[in-house]
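Chemist: Structure of the sequence below:
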Amino acid sequence: MKTTIMFLLLTLSTCFALWADDVDVNLSTDTSPNGFSVKDSSGSTKLKVRADGNVGVGTTAPNHKLDVNGNIGVSAGGYYNVGSTDGTSGYGFRDNSGVMEYKNSGGAWTGLGYIDNDVTSPYGFSSGTYSYAQIAYNHGNYGNTMPSVEIGADAAYETMLPVTLGSGGGTPWETIESGDVSVVNLSSKPAYLKINAAGLYRISASVAIKGTSNTSIEVEVFRQNSGSIPATNSWVTLTHDLEALSTAISVTTNQYDAGSVNGVYQLAANDYLALCSRVVSGSTSTQKVICINFNVERIK
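Modeler: Residues are numbered from 1 along each chain as shown. Okay, the predicted model is just below:
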């Protein structure tokens, strides 16, 4: 046993000869727990080996099998392997000509995109192929100059977009689009969202309005596949409506209410999405817009 310890100490002393000014192997003072340390001429510990097998480099209190206080260098083309297999046949992390890659057991070496500033969406699309679009109308100037929205009569849905702009001036809307989804305008104002490539999409909509009368309103997302831009009066209930994307809100005069819907749908190329509404209690009405948000994003 003593022979083994002396051999190990000799090996460690040789390894640290070029680093430390002087090597002091101290077996007697390390009592908690027992072990040994390698120190330089100033008494600073460079290596600590505890009796429980924990090893510290640059630290006197290693709490793991290996603790390092400082930087760890691996040569270019090196591997950080997990398990018993080393190199390219194993798995873990590696440097491939300056590109960091990872590999799962049974998998293939794959680049870590975010290290290369290749931003990805929450669904794994790269930044260049992630698709989404959004239409948002806001209240503009409060009061009589607010935008308004027409609500269809009972059983007669009407498109909520584009809204009728008030007299307050400005442009109370904003849009964004990217990839396989686009915003479609009517009369120079955003009205529909168009799907340009088949896929699985998340659809969301939220509506907040100020009542001009006591009215209960159903809001619902409609879908129509068309080779041209659908007319505002072409949306047919029980044909185009997406029943899962429906909510009801009730307003009273000069009071507010809001509702929202969201869901996931398999959509086709040339699908147009519209936000429609109808009165379920009361009569055709015009309500004031607080905000309307209509968006879709591709998730697969």
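Chemist: Which strand or helix spans the residue nearest to Thr212 when sequence neighbours are not counted?
Modeler: Of all residues not flanking Thr212 in the chain, Gln287 sits nearest, at 5.6 Å (Cβ to Cβ, 6 or more residues apart in numbering). For glycine as for every other residue, the C-beta is placed from the backbone atoms N, C-alpha and C. Gln287 is located in strand 285-298, with elements delineated by DSSP states H and E.
Chemist: if we look at stretch 278-291, which residues are touching it?
Modeler: With contact meaning Cβ atoms under 8 Å, 6 or more residues apart in numbering, stretch 278-291 is reached by 136-140, 146-158, 163-164, 172, 206-218, 248, 250-251, 256, 258.
Chemist: Give me the buried positions along that stretch.
Modeler: When burial is assessed from 16 or more other Cβ atoms under 10 Å, stretch 278-291 yields the following buried residues: Arg278, Val279, Gly282, Ser285, Gln287, Lys288, Val289, Ile290.
Chemist: returning to that earlier point: drop anything exposed from the contacts of stretch 278-291.
Modeler: Buried by 16+ other Cβ under 10 Å: 136-140, 146-149, 151-152, 157-158, 163, 172, 206-211, 215, 217-218, 251, out of the contacts of stretch 278-291.
Chemist: My guess is Asn262 contacts Ala205. True?
Modeler: Yes. Counting by Cβ atoms under 8 Å, Ala205 is a contact partner of Asn262 at 7.5 Å.
Chemist: Surely Gly166 is within a helix?
Modeler: No. Counting by DSSP: H, G, I helix; E, B strand; the rest coil, Gly166 falls outside a helix, being coil.
Chemist: what kind of secondary structure is the nearest residue to it once chain neighbours are set aside in?
Modeler: Leaving aside its sequence neighbours, Gly166 sits nearest to Thr145 (Cβ to Cβ, 6+ apart; 4.1 Å). Secondary structure state of Thr145, per three-state DSSP, is coil.
Chemist: Thr145 - how many residues pack around it?
Modeler: 16 (other Cβ atoms under 10 Å).
Chemist: What segments of the chain are helices?
Modeler: Assigned by DSSP state H, the chain shows helices spanning 2-15.
Chemist: Look up how far Lys300 lies from the residue nearest in space to the middle of it.
Modeler: Centroid-nearest residue in the chain: Pro122, 3.3 Å away (criterion: Cα atoms, centre = their mean). From Pro122 across to Lys300, the span is 12 Å (Cβ to Cβ, to the nearest Å).
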